[in-house]
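>>> I need the structure of the sequence given here:
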Amino acid sequence: MQRREALKSMLGLSVAAAACSPFPALANLASANEDIMAQFATSFDKVALNNPSLIGLKSMSGDIPWQNLTIEGKLPKALRGNFYRNGPAVHQRNGQRYTHLFEGDGMIQHFNFTDTGIQHRAKFVKTNKYTQEQAADKFLFSGPNSKLPGSLPVNKTDIINAANTNIIPVNGELWALWEAGSATAIDASSLEAKGLVNLGENTRYGNSLKGLAFSAHPKIEADGTIWNFGSTITGDIVLYHLNNRGITQKVNLLKTNYRGGMLHDFLITQNNILIILPSLDRDKTDERLFSASRFNNSLPMKVLVIDKNTLTLTREYQLDAGFAFHFGNAWEDTDGTIRFDASLYPNCENLHHMSDLMRGKTSDATPANTVLFTLYKNGSAHKQTIDGISEFPRVYDHLTGLQNNLLVTLSSVKSDVWSDSVRVINVNNGKQDTFVYGEDFLVEEHVIVDKSQQEGNGYLVGTALHVPSKRTCVNIFKIGHISDGPICRAWLGQTLPLGFHGNFVAV
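The predicted structure is shown next:
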């Protein structure tokens with residue numbers, strides 16, 4: 001109660017975000033009537049025997065030491081630095097399996113690009129949760145979606161912080177990110193966890209921000225300024241402004257009454273923050289975080305436009321019903337018109353597809369398309385759909401919040417498990433430069449690497465899992481020649497678990 005009042009006083013608000021959990025019923029996470037997690041494990045193991053494409057969803061048993069990758073082609077001299085990726089790598093322990101892909105313990109993949117080649121290592125994020133469960137060789141806590149019989153108490157979200165979604169460089173260290181709680185600081189040299197980030201440290205906020213949701217998709221401007229949000233089950237959204245050293249400058253709380261649960265990404269422009277609320281409701285009888293989300297076709301998507309200087313709402317837009325995990329970028333014209341893109345779904349089947357995958361079931365979930373939105377000052381809106389399946393959109397880092405002409409996305413031609421293609425879209429004319437890896441590959445997020453800060457220059461770097469050989473590879477494309485295929489490919493000798501997001505830190 002004291003923490004709630006402290007935050008309330010500092011932010012000048014009537015309700016404090018610290019009083020709200022991102023989960024629907026934290027107090028009930030310890031109870032489960034039957035061992036659904038054991039059923040998921042049995043089902044997955046059985047199906048995986050005859051479906052090799054599920055190999056990327058198996059668990060890792062421990063860290064991976066440094067190894068040299070086998071190079072095909074020539075590694076560009078201009079491409080030097082560290083490529084970090086994050087994703088869940090423990091889905092199953094001792095005959096029990098998580099019921100959603102978003103729950104597993106995070107593992108950092110580190111690819112070091114040097115004059116002598118590419119080296120790789122991987123380390124689990126040694127959270128308190130991971131350390132305890134690894135020592136016990138079993139799950140000890142319920143997850144956001146999985147109810148563990150006999151779970152230890154979960155009375156705050158950071159107890160089950162999996163640090164499994166993204167990783168960003170901040171002031172000489174790395175932050176491993178997870179939607180529902182604190183960032184985890186990582187030593188960039190050793191990849192050892194340093195502890196949870198206290199966003200109020202060395203600021204007037206003190207400890208009042210500890211444990212608040214800090215999303216896995218912060219937006220980082222060219223000068224290193226960081227913007228982010230954190231959502232809660234009450235509909236309140238916390239807004240953050242951090243400087244380029246990761247020190248909090250301003251925090252505010254936005255009351256939205258959003259009750260859909262899943263809110264994964266957001267956008268910034270030069271002047272504004274955009275929070276896009278999807279057309280989701282919750283089944284109030286279901287205490288699981290992800291499985292309780294329901295698509296409501298009669299509920300418009302809503303765009304909240306928030307002034308970056310004051311972190312206060314200035315206007316709203318209503319769009320056709322839809323759902324998106326990810327957005328690429330947004331910017332404003334000189335007349336105040338706002339433009340942004342989304343990998344937009346017509347429903348939330350894909351959210352539940354990620355639960356189906358955890359028991360080995362592949363499904364025909366409706367895919368996303370790239371949709372370009374225009375929001376006019378008079379309150380009207382326009383949208384344009386780009387052909388092709390779309391996910392994991394990226395733009396040049398220096399153009400975050402500014403006008404971009406090119407948009408990178410993954411796509412899929414044949415795979416019903418994961419993406420199998422990568423493309424660069426010209427958002428002005430819709431032209432696409434695409435490379436199809438083929439049905440033998442499971443393709444992960446690709447990022448742009450370019451030190452010139454000239455759109456159209458540089459390289460595209462991303463990982464893919466080759467199912468027949470059970471090996472992961474790093475792939476390098478020259479931007480402008482994506483359809484020609486990789487100019488360089490570097491192979492590991494093993495499978496890496498399929499991950500989510502990452503960043504390349506050039507040197």
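
>>> Quick check: Phe102 touching Phe290?
Yes - the criterion here is CB atoms under 8 Å, and Phe102 meets it with Phe290 at 6.6 Å. (Each C-beta comes from the backbone N, C-alpha and C, glycine too.)

>>> Need the residues touching each of these two.
144-145, 354 (CB atoms under 8 Å, 6 or more residues apart in numbering).

>>> Between those residues, identify the one with the most neighbours.
Pro144 (27 neighbours; other CB atoms under 10 Å).

>>> dump the residue contacts of that residue.
By CB under 8 Å, 6+ apart, Pro144 lies in contact with 22-23, 100, 102-103, 160, 180, 288-290.

>>> And these, which is closest to Thr131?
Ile160 (12.8 Å; CB to CB).

>>> Now do the contacts for the closest one.
Contact analysis of Ile160 by CB under 8 Å, 6+ apart lists 29, 129, 141-144, 154.

>>> Kindly recompute the last result at 10 Å.
Neighbouring residues of Ile160 by CB atoms under 10 Å, 6 or more residues apart in numbering: 23, 26, 29, 103, 105, 127-129, 140-144, 146, 151-152, 154, 178, 180-181.

>>> Without its sequence neighbours, what residue ends up closest to it?
Computed as CB to CB, 6 or more residues apart in numbering, the closest residue to Ile160 that is not its neighbour in sequence is Phe141, at 5.0 Å.

>>> Let me know the secondary structure of the one you found.
coil (DSSP: H, G, I helix; E, B strand; the rest coil).

>>> So it is in contact with Thr157, correct?
No - using CB atoms under 10 Å, Phe141 is not in contact with Thr157; the gap is 11.0 Å.

>>> ok, so what distance separates Ile233 from Lys431?
The gap separating Ile233 from Lys431 is 42 Å, by CB to CB, to the nearest Å.

>>> if you count what's nearby, which of those two comes out ahead?
Ile233 (20 against 10).

>>> hang on, the more buried one in a helix?
No - Ile233 is assigned coil when assessed by three-state DSSP, not a helix.

>>> got a pLDDT number for it?
Note for Ile233: predicted pLDDT of 76.

>>> which SSE is Asn350 in?
Assigned by DSSP states H and E, Asn350 belongs to helix 349-356.

>>> and that helix, how far from the chain's centre?
16 Å (CA atoms, centre = their mean, to the nearest Å).

>>> Next secondary structure element downstream of that helix?
Next element after helix 349-356 (DSSP H and E): strand 369-375.

>>> can you give me the helices in the stretch 1-150 of the chain?
Here the stretch 1-150 of the chain has its helices, by DSSP state H, counting those that start in this stretch, at 2-11, 36-48, 128-136.

>>> worst average pLDDT in the ones you listed?
Among the helices of the stretch 1-150 of the chain, helix 2-11 carries the lowest mean pLDDT (a mean of 42).

>>> Sketch out the low-pLDDT regions of the stretch 301-450 of the chain for me.
Flagging of the stretch 301-450 of the chain using pLDDT under 70 yields the residue ranges 415-417.

>>> rewinding a little: I'd like to know which elements the helix holding Asn350 is packed against.
strand 293-295, strand 323-332 (3 or more CB pairs under 10 Å, 6 or more residues apart in numbering; DSSP states H and E).

>>> Report the angle between that helix and helix 36-48.
Interaxial angle of helix 349-356 relative to helix 36-48 (axes from the mean of the first three to the mean of the last three CA atoms, to 10 degrees): 90 degrees.

>>> the strands in the stretch 51-200 of the chain, which residues?
64-68, 70-73, 81-90, 92-93, 96-97, 105-114, 117-124, 166-170, 173-177, 184-186, 193-196 (DSSP state E, counting those that start in this stretch).
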